[in-house]
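Trainee: sequence and predicted structure below; questions after.
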Amino acid sequence: DSLVATREMGIHSYIEFGNRLLAVALAILGVCIALMLWKHRKKRPDLFWLNIGLLAIVPVQAVVGGITVWTKLNPWVVAGHFVPSAVAVGVAAYFVRRTYDTGIRLNAKAASPLPALGWIILGLAAIIVVFGVLTTGAGPHSGSTMSTRNNLDNIWVTRLHAAPVWLLVIATISALVVARKKAQTAMVAPLTVLLCVEIAQGVIGYVQYFLGVPELLVALHMVGLSATIAASVAVLDSAYPRSTDASSDRSLSVVS
């Protein structure tokens with residue numbers, strides 16, 4: 001019976017209402033960027049369609065969010081609600097990086113394993129997202145006393161979540177060593193950032209596990225997961241260098 005959150009509805013209503021406000025803000029921003037890119041859509045169709053994709057995720061999430069509420073926060077539906085957001089984080093990170101180049105790909109060094117390592121890193125990040133939402137669904141934080149859990153064994157699903165994380169760390173270190181050895185300086189910084197995020201995520205993950213999953217650490221872990229996704233996308237994109245020559249007729253600075 002209310003269009004806004006009320007005190008009687010408790011903290012969860014403020015979280016839910018804040019989430020909807022952010023979705024509206026994202027939609028408005030997407031429309032504004034689409035209008036800015038409209039006259040450049042033929043020169044930079046990559047930027048235009050990336051933004052359209054991000055904009056399309058908003059109504060999709062609105063529908064899935066409604067279903068989430070109707071199913072009383074069923075953990076499987078909640079997991080499905082998070083995945084498009086994770087995709088949006090990755091696409092947004094890619095979109096931001098593409099605004100700094102001309103869209104013209106440069107020739108990469110022959111026989112370099114770095115692009116393959118970049119795809120492995122992004123693939124592992126995707127697996128981590130999937131096992132992450134399953135771990136959350138098996139944990140104690142349902143967001144509602146009426147919500148069920150997914151009935152997965154919390155210990156084993158947590159271990160399955162941790163396994164690709166360790167593989168991701170190994171892949172990141174391997175890629176960093178190769179990038180330094182082959183003087184691929186464009187990849188060193190993104191890989192270093194990703195490794196730092198992974199270490200922070202690992203510390204938070206293990207601490208929250210042994211402390212009984214306190215809410216604050218869970219929230220920080222979710223933020224760290226988003227940072228991991230963005231950093232993984234940046235690593236993969238850096239494996240395919242592009243021109244940043246401002247004199248190119250395909251350059252664009254509408255988001256500078």
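Mentor: Perfect, thanks for sending it.

Trainee: tell me where the protein has helices.
Mentor: In the chain, the helices defined using DSSP state H lie at 11-37, 45-70, 75-98, 114-138, 154-181, 185-210, 215-238.

Trainee: now render those helices as TSV, adding distance to Ile104.
Mentor: C-beta here means a position set from N, CA and C on the backbone, and glycine is covered the same way. Supplementary listing: the helices of the chain in TSV, determined by distance: least, Cβ to Cβ, whole Å:
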stretch	distance to Ile104
helix 11-37	18
helix 45-70	11
helix 75-98	11
helix 114-138	17
helix 154-181	22
helix 185-210	15
helix 215-238	14
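
Trainee: export these to JSON lines and tack on mean neighbour count, distance to Arg105 and mean pLDDT?
Mentor: JSON lines is the format used below for these (neighbours: other Cβ atoms under 10 Å; distance: least, Cβ to Cβ, whole Å; pLDDT from 0 to 100):
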{"stretch": "helix 11-37", "mean neighbour count": "14", "distance to Arg105": "20", "mean pLDDT": "91"}
{"stretch": "helix 45-70", "mean neighbour count": "16", "distance to Arg105": "11", "mean pLDDT": "93"}
{"stretch": "helix 75-98", "mean neighbour count": "18", "distance to Arg105": "11", "mean pLDDT": "94"}
{"stretch": "helix 114-138", "mean neighbour count": "20", "distance to Arg105": "12", "mean pLDDT": "94"}
{"stretch": "helix 154-181", "mean neighbour count": "17", "distance to Arg105": "18", "mean pLDDT": "94"}
{"stretch": "helix 185-210", "mean neighbour count": "18", "distance to Arg105": "13", "mean pLDDT": "94"}
{"stretch": "helix 215-238", "mean neighbour count": "20", "distance to Arg105": "11", "mean pLDDT": "94"}
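
Trainee: out of those helices, flag the one nearest Ser147.
Mentor: With Cβ to Cβ as the measure, helix 75-98 is the member of the helices of the chain nearest Ser147 (7.1 Å).
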